[in-house]
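Undergrad: Here you go, sequence then predicted model.
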Amino acid sequence: MSDILVKPARTVQGTFSVPGDKSISHRALILSAMAEGKSKITGLSDARDVASTRRCLENLGVKISSLKGGIVAVAGKGKYGFRAAKGPLDAGNSGSTIRLLSGVVAAQPFTTTITGDESLCRRPMRRIIEPLERMGAHIESSAYKAPLVIRGGALRSIDYASTIASAQVKSCILLAGLYANGTTRVTEPSPSRDHTERMLEAFGVKAHFSQSGAGVQGPATLQACDIDVPGDLSSASFFLVAASLLADSEITIEQVSVNPTRMGIYDALSAMGAMIQTSPAVTFQGEPRADLSVRSARLHSAALGGSMIPRIIDEIPVLAVAATQAQGTTVIRDAGELRLKESDRLTAICRNLQAMGANVRETKDGMIITGPTPLHGAEIESYDDHRIAMAFAIAGLIATGETLIKNGSCTEISFPGFFDLLDRIRHD
Ligand code: S3P
């Protein structure tokens, strides 16, 4: 745990790439492990969260090797080739790891305990426990929180109307549905990211998906497949905002995921007047990617709510920083899910923005920010939350004076090398 000091910058410049998409990386490891045959993954994220998924799968008996050129090979076990883990699976800080893997171990003929760090053990798991129990799994927990003791077994298909738009919930159920007889369907109030559905098709499984939800026909067999993971748009978003806010900036981020269910940051920033251009997208194994070029712009306020929220769920911290520099009042609503992330992100954002002098008011399900307001350096509480640490590193670039990010090194959870990259592209 180390604190990180951020000094103001004049501009950001350069062409660079960001680590592989974290959501796609988790799925690439899990689906490869479930498949028949050997899969190779290029561009796998080196984030600590993805390492947690890898370690859990290894504990379930999956052989995963790192080859030259950063390629990772997974010897697929087939859906039933896993062995009972030695001790509890440790998902660390990663919601995707615990929720997606729960869907897989719920169908195994053995009992698995899955847990994580202090933050993960505070997060809600009822959202996956309920549907998995309806499918026939037995899950013990205290107050629906990790550790979860999952007594796996034969599952039945369900039609599940989720009351929250969550790709982790949807993916958990779809993965479990691969083991059940018949069609398992999930509907959600507005579309969440669809990486699981796209990747299932790459592994030879027909997944039906649309704006309202997704379904799989079980039992289904996955065939090994090579995956090339595009850059993570959520990681890129910190630089999209930095380049928009700092004068004379011009950056290009190469080969980033432009999956439409993730493009809310592009839509929101563009609606605020940002100057972002995308190169023609190229699609590989169902996932489109493109280069994103951004230059400085004068931003204005926007209304962010409704079905936009799941599409910017991880980018709201940095969008809030952008809103402090936008002309007018930005209202963020319908974002109560942010209270259930690695930290209570609504409170974390508002307290830290206030510490830097922003005009912001926290509401039940969002915040109201009026700008533009100059920010001043402050001591920032990261709440050990990677996205809070990175969003406020960007705030530190545009502030006067120095900004100290407490436990800024928690950025390793999703973006190892974030501060090194920032140092490379900044000019003072
Ligand atoms: C993720 C889904 C989102 C997102 C998280 C990654 C995924 O969570 O916030 O960072 O990989 O499916 P929810 O499903 O809880 O919204």
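TA: That came in fine, so what should we check first? Numbering: from 1, shown residues only.
Undergrad: in the chain, which spans are helices?
TA: Along the chain, the stretches classed as helices by DSSP state H are 22-34, 48-59, 95-105, 126-134, 167-177, 195-202, 233-245, 264-271, 316-324, 345-355, 386-398, 418-425.
Undergrad: Surely Thr15 touches Glu250?
TA: No: look at Thr15 against Glu250 with C-beta atoms under 8 Å: they stay out of range, at 9.4 Å. (Glycine included, C-beta is placed from N, CA and C.)
Undergrad: Close to the ligand: what parts of this protein are there?
TA: For the chain, the residues in contact with the ligand (C-beta under 6 Å from any ligand atom) are 23, 26, 95-96, 166-168, 171, 192-193, 313-314.
Undergrad: again, only this time at 5 Å
TA: 23, 96, 166-168, 313-314 (C-beta under 5 Å from any ligand atom).
Undergrad: can you list the weak-confidence ranges in the protein?
TA: Counting by pLDDT under 70, the chain contains no low-confidence segment.
Undergrad: Name the residue in Thr15 and Glu250 with the higher neighbour count.
TA: The neighbour comparison of Thr15 against Glu250 (other C-beta atoms under 10 Å) goes to Glu250, with 15 against 12.
Undergrad: Next, the contact list for the more buried one, please.
TA: For Glu250, the contacting residues are 13, 243, 293-296, by C-beta atoms under 8 Å, 6 or more residues apart in numbering.
Undergrad: Please apply the same query to Gln217.
TA: Contacts for Gln217 (C-beta under 8 Å, 6+ apart) come out as 182-183, 206.
Undergrad: Neighbours of the nearest residue to Ile30 once chain neighbours are set aside, how many?
TA: Once flanking residues are discounted, Ile30 sits nearest to Leu100: 5.8 Å by C-beta to C-beta, 6 or more residues apart in numbering. Leu100 has 28 neighbouring residues, counting by other C-beta under 10 Å.
Undergrad: Count the residues that sit near Arg311.
TA: Look at Arg311: counted by other C-beta under 10 Å, it has 24 neighbours.
Undergrad: ok, now how distant is it from Ile158?
TA: Taking C-beta to C-beta, to the nearest Å as the measure, Arg311 falls 26 Å from Ile158.
Undergrad: likewise Lys364?
TA: Applying C-beta to C-beta, the value for Lys364 to Ile158 is 32 Å.
Undergrad: How about Leu31?
TA: To Ile158, Leu31 is 21 Å away according to C-beta to C-beta.
Undergrad: May I see the domains of this structure written out as residue ranges?
TA: Domains of the chain are assigned by automatic domain parsing as 4-20+230-427, 22-218.
Undergrad: Now Pro191: closest residue in space, sequence neighbours ignored.
TA: Gln211 (5.3 Å).
Undergrad: That neighbour: neighbouring residues, count only.
TA: Around Gln211 there are 11 other residues, counting by other C-beta under 10 Å.
Undergrad: next one: Ile251
TA: Residues contacting Ile251 under the criterion other C-beta under 10 Å number 22.
Undergrad: where exactly do the strands run in the stretch 151-300 of the chain?
TA: Secondary structure of the stretch 151-300 of the chain (DSSP state E, counting those that start in this stretch): strands at 159-161, 182-187, 207-210, 213-218, 227-228, 250-257, 275-278, 282-284, 287-295.
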